[in-house]
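Trainee: below is the sequence, then the predicted model.
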Amino acid sequence: MMNFLVKTIANAAALAVAIWLLADITLTGDSSGRKAWTLVLVALVFGVVNVLVKPLVRLLTLPLYVLTLGLFTLVVNALMLLLTSWLADKLDLSFHVEGFWTAVLGGLIISVVSWALNLVLPDSRD
């Protein structure tokens with residue numbers, strides 16, 4: 001349970017950095033508390049997408065990973081971010097990613113920030 005919370009916090013922080021750096025990734029809300037709550041919910045959706053959908057997409061696109069020496073990861077991360085944006089819209093969460101190239105850059109930022117945070121944050125694998 002603790003590992004799930006740590007990963008959700010890391011996802012929320014990484015999403016917050018991407019929202020802060022890129023104008024075309026938006027999170028709106030009436031107050032800071034509402035924005036924070038929306039960010040946590042979007043981080044949960046992003047985590048579920050990465051756990052359920054991403055492995056299947058990786059398996060189906062394995063030849064492209066090999067052919068591009070792993071650079072196709074950027075495209076898959078962008079697609080996961082766009083899927084999260086679409087699901088957030090369906091769930092009436094005020095999170096939106098505008099365009100594929102913004103999603104590529106956002107996915108790259110989220111990957112780097114998540115990696116750095118997972119190095120620092122505790123990992124309880126009991």
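Mentor: Alright, I've got the coordinates.
Trainee: ok, now how distant is residue 13 from residue 98?
Mentor: Counting by CB to CB, to the nearest Å, the separation of residue 13 from residue 98 is 22 Å. Heads up, the C-betas are built off the backbone N, CA and C, glycines and all.
Trainee: show me where the protein has helices.
Mentor: Taking DSSP state H as the criterion, the chain carries its helices at 2-21, 32-52, 54-60, 62-67, 72-90, 100-120.
Trainee: residue 13 and residue 98 - which one has more neighbours?
Mentor: Ranked by neighbour count (other CB atoms under 10 Å), residue 13 and residue 98 place residue 13 first, with 18 against 15.
Trainee: neighbours of the residue lying closest to the more buried one once chain neighbours are set aside, just the number please.
Mentor: Spatial nearest neighbour of residue 13, chain neighbours left out: residue 117 (5.8 Å); criterion: CB to CB, 6 or more residues apart in numbering. As a burial measure, residue 117 scores 18 neighbours (other CB under 10 Å).
Trainee: ok, and the closest non-adjacent residue to the most centrally placed residue in the chain?
Mentor: The centroid of the chain falls nearest to residue 46 when counting by CA atoms, centre = their mean (4.9 Å). Counting by CB to CB, 6+ apart, residue 84 is the residue found nearest to residue 46 once chain neighbours are left out, at 4.6 Å.
Trainee: ok, that neighbour - contacts?
Mentor: Contact analysis of residue 84 by CB atoms under 8 Å, 6 or more residues apart in numbering lists 42, 45-46, 49, 95, 97.
Trainee: separation between residue 95 and residue 118?
Mentor: Counting by CB to CB, the gap from residue 95 to residue 118 is 22 Å.
Trainee: tell me the angle of the helix-or-strand element of the chain with minimal mean pLDDT relative to helix 72-90?
Mentor: None of the helices or strands of the chain scores lower by mean pLDDT, DSSP states H and E than helix 2-21, at a mean of 90. Taking axes from the mean of the first three to the mean of the last three CA atoms, to 10 degrees, one finds helix 2-21 and helix 72-90 inclined to each other by 90 degrees.
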